[in-house]
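Visitor: Build me a structure from this.
(chains A and B)
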Amino acid sequence: MVPWYSRQELMVIEAARHLRDDDVVFVGTGLPLLATTLAQRTHAPGVVCVIESGVIAPQVRPTPLSVSDPKVMYRAARLGSLREVLGCLLQRGLVDVGFLGGAQIDRFGNINSTLIGAPGAVRRRLPGSGGANDMASHCRRLLIITRHERRRFPERCDYVTSPGFLDGPGGRRRAGLSPEFGVTVVTDLAVLENDPETCVLRIAQLMPGITVEAVRAETGFSLDAVSGVREVAPPATGDLRVLREDLDPDRVYLKEEEPVARSQA
Amino acid sequence: MGSSATTGNADKVMSAAEAVARFVRAGAILGMGGQNVGRCPMALSHEIIRQRIGDLTVVGCNLSISMDQLVGAGLVRRCVGGSGNLERFGTTFCWRRGIEEGTLAVEDMSHLAMVTRFLAGEMGVPFMPTRSLLGSDLLGPSGGSGPAKAVVIDNPWNPGEPVVLVPALQPDVSIVHVQRADRTGNLVVDGFATHEPEMIRASRHVIASCEELVPEEAIRRHPEHTTIPFLYVSAVVVQPFGAYPTSTYRYYDYDAGQVTAYQEAARAGPQAVARYLQENVWGVATFDAHLERVAGGARRETLRQAMQAIT
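Guide: Below is the predicted model of the structure:
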């Protein structure tokens, strides 16, 4: 019996599934931290969180609103500096996964969190890189969680804040970045992953009840699907309970939404 | 350095008004401490607003509510940093409006690139390499007029490997809020340190407000706990709750209600910001008067207990 769940809840649960036990994860607050904490409490208790403000290996308390929230510092191994985490862990190559929230993402997995428009003709100014450029430059796997909207998935970002595959195959190597890299984007419609050959994002899995056409309609670039594309597995009851009752009991990040139709599982 | 205020064991305790008047000049490069809703130097940024010291270049990593209020007061010409952001509480709205309307110049870096610039500054070298920024638009246009914000070179010891150089950054004066200090300017930061250690040591002057003034003897009995020795510090301002409404680790949590109150004004527009600053800065003589107005004793006790509950 599969319980009722929202698409956003499944998006967080699915993102958590992409973290492996003992991964070192450099994570921002919001849905990425929610998913990382969920992984720690379920299938991947060995996941190590690193947080930009200098926090190393905390046991995060519900529900932090910021990377400088004391709730992200609880029982950490160390509260250090930005240089320690961004330099001595991330740039040094000791981080497996960079985990970011919503932004503009293009077909090669490049990320824009700086501006909509053009430098000098800014239509909408966004918060900027923060540590995102550093994460995308130095992690081995980039995991992104975001709502799937056409404006968020352009053919080419207005501004490349954080490097995905840049201009395609060989782009990272030419720029001087490590080519050992992969991008996974978990949205409320699908899971996108880069094609290992062309580096272009493609549909790897679909959220329950969502068609390839529906995902394409909300994507600004031409999107292929892997052959035999699977449906994202519905949430285990235990995962939903931990997410709702332990991690975001006040629904700070989990908004009430129309439930996904009960799966036929 | 070189003045007795920073090299000797002078008594550096003074009021925020005196510290800001002595060390913050119009047109200065102002190093900004704190991050998001943690340990922002609010009492000191309020005092700069109160004295209307303008034409500032504000530099830091995450630039948060202190920067945004300075921008809202019309005192900032340029920001150099990694982000303008209060995360769940929204962006820094005065900063965003200034950039979109073309009244505020901004130089975008990543957080690591900013720390690397301060690292060069604190080590007394002109630039420092990083492998961030490669391939991204944060590198800036190549071959433009004026000095480049970053330069890609070929690693001399591994030809064919591109490396980014970023220039040293030495603020004229930095403002920070720390947990403890002594009269001579020894500082103790508890918990997360953000970019402050590098920025402080790179700065020509540092004004530190503190929760508690401790005897010099307490510092010298446990010198291994000193985060920043007195040599870098020009002024010490004793100001409990000096980071309010942001948090100070092990002392008090942030006040979401007051952060939201400012964010609503900042989002609404210049008139609402002017009203907020009039009520909370220009219309009160001191930061303590502001605290009494918006966060009385009971509220402050609640924030203390909220921090104790999670540390």
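
Visitor: quick one, helices of the stretch 51-200 of chain A?
Guide: In the stretch 51-200 of chain A, the helices defined using DSSP state H, counting those that start in this stretch lie at A:82, A:132-138, A:171-175.

Visitor: need the contact list for residue 98.
Guide: Looking at chain A here, since you left the chain open. Shown in contact with A:Gly98 (Cβ atoms under 8 Å, 6 or more residues apart in numbering or on different chains): A:25-26, A:90, A:132, A:135-136, A:138-139, A:141-143. For glycine as for every other residue, the C-beta is placed from the backbone atoms N, C-alpha and C.

Visitor: switch to chain B, that's the one I care about
Guide: B:71, B:76, B:104.

Visitor: ok, the last one touching B:Cys79?
Guide: Read it as B:Leu104. Yes: if you go by Cβ atoms under 8 Å, B:Leu104 and B:Cys79 touch, sitting 6.6 Å apart.

Visitor: Go through stretch A:65-77 and flag the buried ones.
Guide: A:65-73, A:76 (16 or more other Cβ atoms under 10 Å in any protein chain shown).

Visitor: wait, which of the helices of the stretch 51-200 of chain A is closest to B:His177?
Guide: In terms of Cβ to Cβ, the element of the helices of the stretch 51-200 of chain A nearest to B:His177 is helix A:82, at 16.5 Å.

Visitor: Show me the common contact partners of B:Leu104 and B:Cys79, please.
Guide: Common neighbours of B:Leu104 and B:Cys79, counting by Cβ under 8 Å, 6+ apart, are B:71, B:95.

Visitor: ok, the two, which is more surrounded?
Guide: Taking neighbours as other Cβ atoms under 10 Å in any protein chain shown, B:Leu104 and B:Cys79 compare with B:Cys79 leading, 28 against 20.

Visitor: Could you confirm that one falls within a strand?
Guide: Yes: assessed by DSSP: H, G, I helix; E, B strand; the rest coil, B:Cys79 belongs to a strand.

Visitor: what pLDDT does it get?
Guide: What the model reports for B:Cys79 is a pLDDT of 98.

Visitor: measure it to A:Leu31 for me?
Guide: Distance, B:Cys79 to A:Leu31, by Cβ to Cβ, to the nearest Å: 28 Å.

Visitor: Show the contacting residues for residue 13.
Guide: Going with chain A. By Cβ under 8 Å, 6+ apart, the contact list for A:Ile13 reads A:5, A:35, A:38, A:235, A:239-240, A:243.

Visitor: that's the wrong chain, I meant chain B
Guide: Taking Cβ under 8 Å, 6+ apart, one finds B:183, B:213, B:235-238 in contact with B:Val13.

Visitor: How about A:Ser68?
Guide: A:53, B:34-39, B:192, B:194, B:246-247.

Visitor: name the element residue 11 belongs to?
Guide: This is for chain A. helix A:7-17 (DSSP states H and E).

Visitor: downstream neighbour of that helix in the secondary structure list?
Guide: strand A:24-27.

Visitor: returning to what we had before: which one of the helices of the stretch 51-200 of chain A lies closest to B:Ala28?
Guide: Across the helices of the stretch 51-200 of chain A, closest to B:Ala28 is helix A:82 (Cβ to Cβ), at 22.9 Å.

Visitor: From the chain's centroid, how far away is that closest one?
Guide: Centroid displacement of helix A:82 relative to its chain, using Cα atoms, centre = their mean, to the nearest Å, is 21 Å.

Visitor: Any part of it near chain B?
Guide: Yes: counting by Cβ under 8 Å from any Cβ of the partner chain, chain B has neighbours in helix A:82: A:Leu82.

Visitor: Low-confidence ranges, the chain, go.
Guide: Defaulting to chain A. Chain A contains residues with pLDDT under 70 at A:1-2, A:256, A:258, A:261-265.

Visitor: um, chain B though
Guide: Low-confidence segments of chain B, defined by pLDDT under 70: B:1-8, B:142-146.

Visitor: Quick one: the strands in it, in order.
Guide: Under the criterion DSSP state E, chain B carries strands at the ranges B:29-32, B:56-59, B:62-63, B:76-81, B:83-84, B:105-108, B:127-130, B:151-154, B:162-167, B:173-181, B:187-188, B:205-213, B:235-238.

Visitor: can you put those in a markdown table and add distance to chain A?
Guide: Shown next, in a markdown table, are these (distance: least, Cβ to the nearest Cβ, whole Å):
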| stretch | distance to chain A |
| --- | --- |
| strand B:29-32 | 13 |
| strand B:56-59 | 14 |
| strand B:62-63 | 6 |
| strand B:76-81 | 7 |
| strand B:83-84 | 4 |
| strand B:105-108 | 6 |
| strand B:127-130 | 7 |
| strand B:151-154 | 7 |
| strand B:162-167 | 3 |
| strand B:173-181 | 12 |
| strand B:187-188 | 13 |
| strand B:205-213 | 15 |
| strand B:235-238 | 21 |
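
Visitor: thinking again about what came up before, and the contacts of B:Val13, which two are furthest apart?
Guide: B:Leu213 and B:Ala235 (12.6 Å).

Visitor: And for residue 42, the neighbour number?
Guide: I went with chain A, as the question did not name one. Using other Cβ under 10 Å, A:Thr42 has 17 neighbouring residues.

Visitor: actually it's chain B I care about, not the one you picked
Guide: Neighbour tally, B:Met42, other Cβ under 10 Å: 28.

Visitor: Contacts only, for it.
Guide: Contacts of B:Met42 by Cβ under 8 Å, 6+ apart are B:65-66, B:177, B:242-246, B:287.

Visitor: what does stretch A:79-87 rub up against?
Guide: A:26, A:50-56, A:73, A:78, A:131, A:134, B:35, B:61, B:111-112, B:115-116, B:119, B:191-198, B:249.

Visitor: Quick check on those: which are buried?
Guide: Buried by 16+ other Cβ under 10 Å: A:26, A:50-56, A:73, A:131, A:134, B:35, B:61, B:111-112, B:115-116, B:119, B:191-198, B:249, out of the contacts of stretch A:79-87.

Visitor: Excluding chain neighbours, give the residue nearest to A:Thr219 in space.
Guide: Once flanking residues are discounted, A:Thr219 sits nearest to A:Phe153: 4.6 Å by Cβ to Cβ, 6 or more residues apart in numbering or on different chains.

Visitor: thought that neighbour was touching A:Phe221?
Guide: Yes: A:Phe153 lies in contact with A:Phe221 (Cβ under 8 Å); the separation is 6.6 Å.

Visitor: joint contacts of these two?
Guide: A:Asp106.

Visitor: Look at these two and report which has more neighbours.
Guide: Comparing A:Phe153 with A:Phe221 by neighbour count (other Cβ under 10 Å), the higher total belongs to A:Phe153, at 23 against 16.

Visitor: give me every residue that touches that one.
Guide: So A:Phe153 contacts A:104-106, A:218-221 (Cβ under 8 Å, 6+ apart).

Visitor: and the gap between it and A:Gly101?
Guide: 15 Å.

Visitor: List the contacts of residue 182.
Guide: Unless you meant another one, I'm taking chain A. A:Gly182 neighbours (Cβ under 8 Å, 6+ apart): A:140-142, A:193-194, A:196.

Visitor: oops, I was thinking of chain B
Guide: Applying Cβ under 8 Å, 6+ apart, we find B:Asp182 in contact with B:213-216, B:218-219, B:230, B:236.

Visitor: what about 6 Å?
Guide: Shown in contact with B:Asp182 (Cβ atoms under 6 Å, 6 or more residues apart in numbering or on different chains): B:214, B:216, B:219.

Visitor: Around the first one, count how many other residues there are.
Guide: Spelled out, that is B:Val214. Neighbours of B:Val214 (other Cβ under 10 Å): 15.

Visitor: Over to the second one?
Guide: When neighbours are defined as other Cβ under 10 Å, B:Glu216 has 15 of them.

Visitor: excluding its backbone neighbours, what's nearest it?
Guide: That would be B:Asp182: by Cβ to Cβ, 6+ apart, it lies 4.4 Å from B:Glu216.
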